[in-house]
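In: next input, structure requested:
(one chain, ligands or ions: 1)
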Amino acid sequence: MLELLSVQVKQGDNLFTYNSQVNKGAFCRIVGPSGVGKTTLLETIAGFNHIVAGEVSWQGQSFTYQKPESRPVSMMFQQDNLFTHLSVYTNIALGVRPSARLNEAEKQQLQQLCLQLGIVDQLDKLPPQLSGGQQQRAALARAIIHKKPILLLDEPFSALDKKLREDCIALTDTMRKQYNLTVLMVTHHPKELDQVATQTIEIS
Ligand SMILES: Nc1ncnc2c1ncn2[C@@H]1O[C@H](COP(=O)(O)OP(=O)(O)OP(=O)(O)O)[C@@H](O)[C@H]1O
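Out: As a prediction, this is how the structure comes out:
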């Protein structure tokens, strides 16, 4: 379980307090009006914000003060997830390790994952040569191959049209089950997650 206990975070003049529990393996949608602190919640779990008080834990182990790279999470944003001057392959391989140098087994796993995500033919290209949906699927591949148990998604498909959004949500759900991930997704279209969401956090 991912747990936030009286976690307090300052953003400018705002002080946010979070109390949430997300079950292991959940697909949790995070909803609420604009400016209420949804992105701040994900950034706090990812380690990008200073926590003033409280505790964040995974499976009973606190990671409140751990650096982002040591936390059991990977995060994907609405856009600009990829380095534009590096190939799609290298971008995804960076999810394995900073050198992006992979052994044969890792290369095969990357190929297999990209085959499933429908981007295996795009690996030699630069991200700007891909469509928006392909770019987000490449970012998803990088996040998944990172092998962290918690996947934080901040409106990841909101720039895509409705049909593509639905396809990407279904793919994310398949990945959740296959890789035993706990997914937290901020969305302004909660109904689109009706089929997949096992839990909802409403921030008001
Ligand atoms: N780095 C920052 N410095 C100062 N204020 C910030 C910072 N980041 C966010 N805020 C403020 O904190 C509040 C919450 O922002 P946040 O992005 O978490 O909201 P949100 O619920 O994700 O909104 P939206 O649905 O519009 O994306 C907003 O009022 C925002 O202006």
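In: relative to the ligand, how far out is residue 195?
Out: Separation of residue 195 from the ligand (Cβ to the nearest ligand atom, to the nearest Å): 22 Å. C-beta: built from backbone N, CA, C; applies to glycine.
In: what of residue 9?
Out: Using Cβ to the nearest ligand atom, residue 9 is found at 9 Å from the ligand.
In: can you pull the contacts of that residue?
Out: Counting by Cβ atoms under 8 Å, 6 or more residues apart in numbering, residue 9 touches 15, 16, 18, 40, 44, 49, 50, 51, 52.
In: of these, select the buried ones using a PyMOL command.
Out: With 16 or more other Cβ atoms under 10 Å as the criterion, this PyMOL line picks the buried residues out of the contacts of residue 9:
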select buried, resi 16+18+40+44+49+51
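In: make JSON lines out of the contacts of residue 9 and add pLDDT and distance to residue 135.
Out: JSON lines is the format used below for the contacts of residue 9 (pLDDT from 0 to 100; distance: Cβ to Cβ, whole Å):
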{"residue": "15", "pLDDT": "94", "distance to residue 135": "35"}
{"residue": "16", "pLDDT": "96", "distance to residue 135": "30"}
{"residue": "18", "pLDDT": "97", "distance to residue 135": "30"}
{"residue": "40", "pLDDT": "95", "distance to residue 135": "25"}
{"residue": "44", "pLDDT": "97", "distance to residue 135": "26"}
{"residue": "49", "pLDDT": "94", "distance to residue 135": "26"}
{"residue": "50", "pLDDT": "92", "distance to residue 135": "31"}
{"residue": "51", "pLDDT": "95", "distance to residue 135": "31"}
{"residue": "52", "pLDDT": "95", "distance to residue 135": "35"}
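In: so which of the contacts of residue 9 sit within helices?
Out: With helices defined by DSSP state H, the entries of these inside them are 40, 44.
In: which one of the contacts of residue 9 is nearest the ligand?
Out: Lowest distance from the ligand to the contacts of residue 9 (Cβ to the nearest ligand atom) belongs to residue 40, with 3.4 Å.
In: great, nothing more from me.
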